[in-house]
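K.L.:
give me coordinates for this.
(one chain, ligands or ions: 2)
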Amino acid sequence: MCIFCKIVAGELPSNKEAENEHFLAFHDLYPKAPMHLLIIPKAHIECFQEIDAHTMAGLTEFIQEVARRMGLDKSGYRLITNNGEDGGQEVKHLHFHLLGGGKLKWEHLHDESHKNM
Ligand code: 5GP
Ligand code: ZN
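P.N.:
Ligands and ions are numbered 1, 2, ... in the order given. Below you'll find the model as predicted:
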């Protein structure tokens, strides 16, 4: 079982912010912004490339609701999903990073190695 499946199952602790039958939002253990949530489907879907459009529609509504609940909908936020090896995905269970709570710099995404590409 992957670590996010263990969080869903309650076998690993997490700081949960919101959940419903299908989706869960919890705080990233190593926040990269004043507010950094991870939003996942409870079912194990490996990456964005694997999610079907119907499930994604539900996840979209859930993410928007979480952003409203956190007071980020008006101030703005950044939504990121890393997909696969080149995308830098470390946990192989689809997750969206919801980042906000302050003016974010694009440099947060800066990748030194792109200069060599
Ligand atoms: P990725 O690099 O796969 O897009 O992002 C994985 C994210 O999961 C990272 O931001 C990392 O800080 C976070 N993370 C890794 N392990 C745990 C954990 O056990 N609990 C929580 N809450 N976050 C984790
Ligand atoms: Zn999983």
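K.L.:
in three-state terms, label residue 39 for me.
P.N.:
Per DSSP: H, G, I helix; E, B strand; the rest coil, the secondary structure class of residue 39 is strand.
K.L.:
check residue 89 too.
P.N.:
In three-state terms, and counting by three-state DSSP, residue 89 is coil.
K.L.:
show me what contacts it?
P.N.:
Contacts here follow CB atoms under 8 Å, 6 or more residues apart in numbering; on that basis residue 89 touches 47, 82, 83. Where you see a C-beta, it was placed from the backbone N, CA and C, and this is true even at glycine.
K.L.:
now do 6 Å
P.N.:
Applying CB atoms under 6 Å, 6 or more residues apart in numbering to residue 89 gives the contacts 82, 83.
K.L.:
pLDDT wise, what is it at?
P.N.:
For residue 89, the model assigns a pLDDT of 97.
K.L.:
can you check residue 114 too?
P.N.:
We have a pLDDT of 57 for residue 114.
K.L.:
element containing the closest residue to residue 64 other than its chain neighbours, please.
P.N.:
Computed as CB to CB, 6 or more residues apart in numbering, the closest residue to residue 64 that is not its neighbour in sequence is residue 73, at 7.3 Å. With the criterion set as DSSP states H and E, the secondary-structure element containing residue 73 is helix 72-75.
K.L.:
residues in contact with that helix: which ones?
P.N.:
Applying CB under 6 Å, 6+ apart, the set of residues contacting helix 72-75 from outside is 67, 100.
K.L.:
skip ahead from that helix and say which helix or strand is next.
P.N.:
Elements were assigned by DSSP H and E; along the chain past helix 72-75, the next helix or strand is strand 77-80.
K.L.:
show me what that next one is packed up against.
P.N.:
Identification of packing neighbours for strand 77-80 by 3 or more CB pairs under 6 Å, 6 or more residues apart in numbering; DSSP states H and E yields strand 96-100.
K.L.:
distance of the nearest residue to residue 51 once chain neighbours are set aside relative to residue 26?
P.N.:
Setting aside the residues directly before and after it, residue 51 is nearest to residue 45 in space (CB to CB, 6+ apart), at 5.2 Å. With the distance defined as CB to CB, to the nearest Å, residue 45 ends up 17 Å from residue 26.
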